[in-house]
Each structure stands twice: as C-alpha cells, then as structure tokens.
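Enquirer: Provided below are the primary sequence and the corresponding predicted coordinates.
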Amino acid sequence: MIGILIIAHGGLGESLISCVSHVLGKKPPQLQHLAVGTNDDPSDLLPAAQELVKELDSGQGVLILSDMYGATPCNMVLKLLNPGSVE
C-alpha cells in the first residue's frame with residue numbers, strides 16, 4: 001500500500017484524516033499528517049517529516065499532499081521528494 005502524508009497548516013491535515021476516517025469507518029493504516037503552525041521553524045519540523053516518510057513507506061512509496069503551493073508546508077515537501085519513491 002502507498003503511504004500518504006499530509007503536510008499542512010494548523011489542523012487541516014488532522015481534519016482531512018478525520019473526514020476520511022468517518023467515510024471509511026476507520027483511519028487508514030498508512031495515513032499521517034504533520035501540522036505546520038505559524039511560529040514553527042520548518043528546519044525543526046523537517047526531521048519529523050522525514051521520519052514519517054520512513055514509517056509510511058512499506059516499499060511502495062509515499063504520496064505527500066500539501067495545502068498551498070509556495071507556502072511553508074509545500075516548501076518542506078519539496079525537500080522530501082524522491083522521484084519514484086516519494087512524490
């Protein structure tokens with residue numbers, strides 16, 4: 001199964017996971033989020049994002065979703081990309 005990581009502002013990722021869990025009746029096992037707050041330093045969050053990618057990758061890769069192109073979460077995602085493995 002392909003892992004899915006949502007890196008987004010505030011509680012957006014958690015809210016999206018809550019919606020998915022409601023529709024499916026449970027939280028998918030390879031779905032996580034990382035919240036980025038207004039006062040967060042992206043360089044402090046990057047190691048946590050890298051660890052989540054490792055946890056979510058069961059050999060089929062990880063899809064990372066972000067909320068706004070050009071914003072801090074998206075810029076973090078760009079540092080995690082690995083074509084064919086992390087998209």
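Expert: Received it, and whenever you're ready, just let me know what you need. Numbers count the residues shown, from 1 in each chain.

Enquirer: helices or strands next to the longest helix seen in the chain in the packing?
Expert: Counting by DSSP state H, the longest helix found in the chain is helix 42-56. Using 3 or more C-beta pairs under 8 Å, 6 or more residues apart in numbering; DSSP states H and E as the contact criterion, the elements in contact with helix 42-56 are strand 3-9, strand 31-36, strand 62-66, helix 72-80. Backbone N, C-alpha and C define where each C-beta goes, glycine included.

Enquirer: in a markdown table: the ones you listed, plus mean pLDDT.
Expert: Supplementary listing: these in a markdown table, determined by pLDDT from 0 to 100:
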| stretch | mean pLDDT |
| --- | --- |
| strand 3-9 | 98 |
| strand 31-36 | 98 |
| strand 62-66 | 98 |
| helix 72-80 | 96 |
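
Enquirer: turn those into JSON lines, including mean neighbour count and distance to Pro47.
Expert: Formatted as JSON lines, the entries for the helices and strands packed on helix 42-56 read as follows, by neighbours: other C-beta atoms under 10 Å; distance: least, C-beta to C-beta, whole Å:
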{"stretch": "strand 3-9", "mean neighbour count": "22", "distance to Pro47": "13"}
{"stretch": "strand 31-36", "mean neighbour count": "20", "distance to Pro47": "11"}
{"stretch": "strand 62-66", "mean neighbour count": "20", "distance to Pro47": "15"}
{"stretch": "helix 72-80", "mean neighbour count": "17", "distance to Pro47": "11"}
